[in-house]
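Colleague: Coordinates for the following, if possible.
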Amino acid sequence: MSLFKTLALTTLATALSAGTALAADMITVPTSTPVEMPVYEESGFDWNGFYAGVYGAAQNGATSGTQYGLGIQAGVNAQFDFYLLGAEVAVHGITGDVGETTYGQILGRAGLVVTDDVVVYGAGGYGIDLGAPDESDALLGGGVELAVTDSISVEAQYLHGFPLNGGNAKDQFTVGANFHF
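Modeller: Numbering: from 1, shown residues only. Here you go, the predicted model:
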């Protein structure tokens with residue numbers, strides 16, 4: 001056997017024997033059932049705390065038509081077991097057939113943590129047109145938020161605006177990303 005073949009077979013045998021991993025048993029706690037409970041489980045996304053993000057918006061009203069824009073938002077969440085409570089402020093600039101304006105909103109959020117990485121929520125609050133004409137709305141809707149990394153989530157939200165002072169009923173759809181800190 002040549003030296004090359006001997007080295008190749010030795011390398012192959014070493015690689016195959018090193019490929020078999022020897023793992024330690026998981027640390028468990030005995031329970032009253034035949035199944036043991038693991039001591040450590042990987043934690044899911046932490047929804048508690050502050051966040052800030054950006055989003056794209058589409059807003060449609062009977063007299064204002066369809067408008068599109070970009071916005072920023074900031075908020076805070078508190079998670080209690082699988083319940084989530086939060087508050088958020090947002091402002092976005094929108095433009096369309098009727099013209100350009102800025103729209104601000106304050107929302108309360110309440111939802112359920114469906115899985116470690118998914119939250120569904122209802123939202124309600126107050127919205128105001130910061131430009132002309134002077135309009136304000138009661139907002140009601142909901143959304144879903146999905147954690148994609150340890151500190152970033154993406155969300156989709158729908159809000160219906162019920163006119164309080166002037167204006168018209170609005171339907172608002174937003175899609176955005178949030179950074180949690």
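Colleague: Could you check how far the closest residue to Gly141 other than its chain neighbours is from Gly124?
Modeller: Spatially, and ignoring its direct neighbours in sequence, Gly141 is nearest to Leu159 (3.7 Å; C-beta to C-beta, 6 or more residues apart in numbering). Quick note: C-beta positions are derived from backbone N, CA and C, even for glycine. In this view, Leu159 and Gly124 are 9 Å apart by C-beta to C-beta, to the nearest Å.
Colleague: on that earlier part again, for the record, mean pLDDT for the helix or strand hosting the residue nearest to Gly141?
Modeller: Per DSSP states H and E: Leu159 is located in strand 152-165. Strand 152-165 shows a mean pLDDT of 95.
Colleague: Can you tell me the strand partners of that strand and which way each runs?
Modeller: strand 136-147 (antiparallel), strand 170-180 (antiparallel) (DSSP bridges).
Colleague: Can you lay out those as TSV showing mean pLDDT and distance to Pro163?
Modeller: Output for those, formatted as TSV (pLDDT from 0 to 100; distance: least, C-beta to C-beta, whole Å):
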stretch	mean pLDDT	distance to Pro163
strand 136-147	96	6
strand 170-180	96	8
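Colleague: Same list (those strands) but as JSON lines, adding distance to Ile94.
Modeller: Below are the strands paired with strand 152-165 laid out as JSON lines (distance: least, C-beta to C-beta, whole Å):
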{"stretch": "strand 136-147", "distance to Ile94": "14"}
{"stretch": "strand 170-180", "distance to Ile94": "9"}
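Colleague: Of those, which is nearest Gly61?
Modeller: Gly61 sits nearest to strand 170-180 of all the strands paired with strand 152-165, at 4.4 Å, using C-beta to C-beta.
Colleague: and for the closest one, what are the contacting residues?
Modeller: 46-47, 49-61, 64, 71, 73, 92, 127, 137, 139, 141, 143, 145, 151-161 (C-beta atoms under 8 Å, 6 or more residues apart in numbering).
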